[in-house]
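In: kindly return the folded structure for what I paste below:
(chains A and B)
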Amino acid sequence: AQSVTQLGSHVSVSEGALVLLRCNYSSSVPPYLFWYVQYPNQGLQLLLKYTTGATLVKGINGFEAEFKKSETSFHLTKPSAHMSDAAEYFCAVRFYGGSQGNLIFGKGTKLSVKP
Amino acid sequence: KAGVTQTPRYLIKTRGQQVTLSCSPISGHRSVSWYQQTPGQGLQFLFEYFSETQRNKGNFPGRFSGRQFSNSRSEMNVSTLELGDSALYLCASSSGQGREKLFFGSGTQLSVL
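Out: Modelled structure (predicted):
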């Protein structure tokens, strides 16, 4: 079955430290890949997406992600964490043949940022 | 441009009742998708509507249903509520074509007592 795995339900970093949130998917055909962020009591906001082309994708708020086909991964990084980055992050995949509105989400990673 | 609007923001119901949630997509968007979010199961796809037709359906029982109107507004209905239906229900809209992203509303928090 097609699936998305986010390693680590909770990640804690210090302010100014590197943020690395991991995402792996299971598919032999490269899917469309997304990272969303959710702040408390809010909906989801798109950080970045990969469809085709350049495998290093830059998003909002200084985040970026790299699609690695050989590793079936799409890890999210940010060089320097800010307190405002504390939120829950979701990796999502639209598999080949899937309709636009049908995304499969990972379980989410809650990011804490320590001062 | 107004974002995706979901009403109501909060709902409290009792077991056995039914509930209807509403979603108004971004102007011009023809696709509306619904997701259920719970702490245990995470985000799960319920269904997607495009131009008033259900285009895709997730793995939920028939108690969960939806529809889309000619103005693209969508409603989802849950009948015979169970305690396990307590969740945040998120609606997302998009153009429905190509590689466009989904825009999410703030959700309706449903509590079943």
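In: which bits of chain A sit near chain B?
Out: By CB under 8 Å from any CB of the partner chain, the residues of chain A that approach chain B are A:32, A:34, A:36, A:41-46, A:49, A:51, A:90, A:92, A:98-108. For glycine as for every other residue, the C-beta is placed from the backbone atoms N, C-alpha and C.
In: can you select the buried ones among the residues you listed for me in ChimeraX?
Out: Per 16 or more other CB atoms under 10 Å in any protein chain shown, the buried members of those correspond to this ChimeraX selection:
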select /A:32,34,36,43,44,46,49,51,90,92,98,99,100,101,102,103,104,105,106,107,108
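In: in strands, which of the residues of chain A next to chain B fall?
Out: Those of the residues of chain A next to chain B mapping onto strands are A:32, A:34, A:36, A:44-46, A:49, A:90, A:92, A:104-105, per DSSP state E.
In: do you know how far the residue in chain A positioned nearest to chain B is from residue B:46?
Out: Ranked by CB to the nearest CB, the top residue of chain A for proximity to chain B is residue A:101, at 3.3 Å. Using CB to CB, to the nearest Å, residue A:101 is found at 10 Å from residue B:46.
In: go ahead and report the secondary structure state at the residue positioned nearest the centre of chain B.
Out: Note on chain B: the residue nearest the mean C-alpha position is residue B:34, at 3.3 Å, using CA atoms, centre = their mean. The three-state assignment at residue B:34 reads strand, by DSSP: H, G, I helix; E, B strand; the rest coil.
In: what's the answer for residue A:70, then?
Out: Applying three-state DSSP: residue A:70 is helix.
In: then residue A:96?
Out: Under three-state DSSP, residue A:96 comes out as coil.
In: what's around the spatially closest residue to it that is not a sequence neighbour, how many residues?
Out: Spatial nearest neighbour of residue A:96, excluding adjacent residues (CB to CB, 6 or more residues apart in numbering or on different chains): residue A:29 at 4.3 Å. By the criterion of other CB atoms under 10 Å in any protein chain shown, residue A:29 has 9 neighbours.
In: thanks again, I'm all set now.
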